[in-house]
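*Asks:* Predicted model and sequence follow; I will ask about them next.
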Amino acid sequence: YTLIHQLPRKKKWAAKELSEFIMLCYGNNLDPHSIKGSYAGAFGFGQFIPSSFNYYAIDFDGDNSVDLFNSVDDAIGSIANYLYIHGWNKNLPTIRRIDQKFLSNTQSINNVRNPLILAPNILHASDELENEDILDQSVLLLSYDERGKTNFFVGTANFIAITKYNRSHFYAKAVYD
């Protein structure tokens, strides 16, 4: 409610999340005033916002109730469900380090909003990746400063799935690490 009235640029999003929150409370017989969360409405072990709870939370411990506050099993299962629905593939790596000399397209680095298809015109011939299962897949080209040196990476569909949970490529790399 506060975001709707105090942050005009987030008004539409906040109104949608408030509606989702009311549905969440009604559908689960919860007192809306009993739920504690972040300023943006994220709550529980997985810090789901209300719409994420309504769309992706699952009963993973088999007790016929979805509880992201007290059930670690439900929280882990719900996060896994979220990642799976957003493209997680257990057969793919998540991120691969690459040498900068193989990059031919550097303007797309760290652009999490626009994944690109990893193709030979993006990477010059590379023994590191030419036989990989990530060619011809949507990927993110990434760079991170680590101990004073810039390192380059390719983030696969699994990395992209993490950025759907939180858009920051720094967050996604921290989760991966």
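*Replies:* Nice, thanks for sending it over. Numbers count the residues shown, from 1 in each chain.
*Asks:* in this structure, which strand has the most residues?
*Replies:* Among all segments of the chain classified by DSSP state E, the strand with the greatest residue count is strand 138-146.
*Asks:* In it, which residues are buried?
*Replies:* Residues of strand 138-146 classed as buried: 139-142 (neighbour count, 16 or more other CB atoms under 10 Å). The way it works is simple: take the backbone N, C-alpha and C, and place the C-beta from them, glycine included.
*Asks:* For whichever strand or helix holds residue 79, give the mean pLDDT please.
*Replies:* The secondary structure element spanning residue 79 is helix 72-85 (assigned by DSSP states H and E). On average, the pLDDT along helix 72-85 is 97.
*Asks:* Going by distance to residue 24, which of the buried residues of strand 138-146 wins?
*Replies:* residue 140 (31.4 Å; CB to CB).
*Asks:* which residues does the closest one contact?
*Replies:* Contacts were defined as CB atoms under 8 Å, 6 or more residues apart in numbering; by that measure residue 140 touches 110-112, 115-116, 154-155, 159-160, 163, 169.
*Asks:* Any quick ChimeraX command for the buried ones out of those?
*Replies:* Of these, the buried ones go into a single ChimeraX selection, burial set by 16+ other CB under 10 Å:
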select :112,115,154,155,159,160,163,169
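*Asks:* What is the nearest of the contacts of residue 140 to residue 46?
*Replies:* Using CB to CB as the measure, the one of the contacts of residue 140 that approaches residue 46 most closely is residue 163, at 15.9 Å.
*Asks:* The lengthiest helix in the chain packs against which elements?
*Replies:* Of all segments of type helix in the chain, defined using DSSP state H, the longest is helix 11-27. Using 3 or more CB pairs under 8 Å, 6 or more residues apart in numbering; DSSP states H and E as the contact criterion, the elements in contact with helix 11-27 are helix 2-6, helix 50-56.
*Asks:* Pick the most buried one from the ones you listed.
*Replies:* helix 50-56 (a mean of 19; mean count of other CB atoms under 10 Å).
*Asks:* residues near residue 167, how many?
*Replies:* Neighbourhood size, residue 167 [other CB atoms under 10 Å]: 11.
*Asks:* what about it, distance to residue 140?
*Replies:* 11 Å (CB to CB, to the nearest Å).
*Asks:* what touches both of the two?
*Replies:* Residues touching both residue 167 and residue 140 comprise residue 112, with contact defined as CB under 8 Å, 6+ apart.
*Asks:* Wait, residue 99 touches residue 152, no?
*Replies:* Yes: applying CB atoms under 8 Å as the test, residue 99 and residue 152 come out as touching, 7.1 Å apart.
*Asks:* neighbour count winner among those two?
*Replies:* The neighbour comparison of residue 99 against residue 152 (other CB under 10 Å) goes to residue 152, with 18 against 14.
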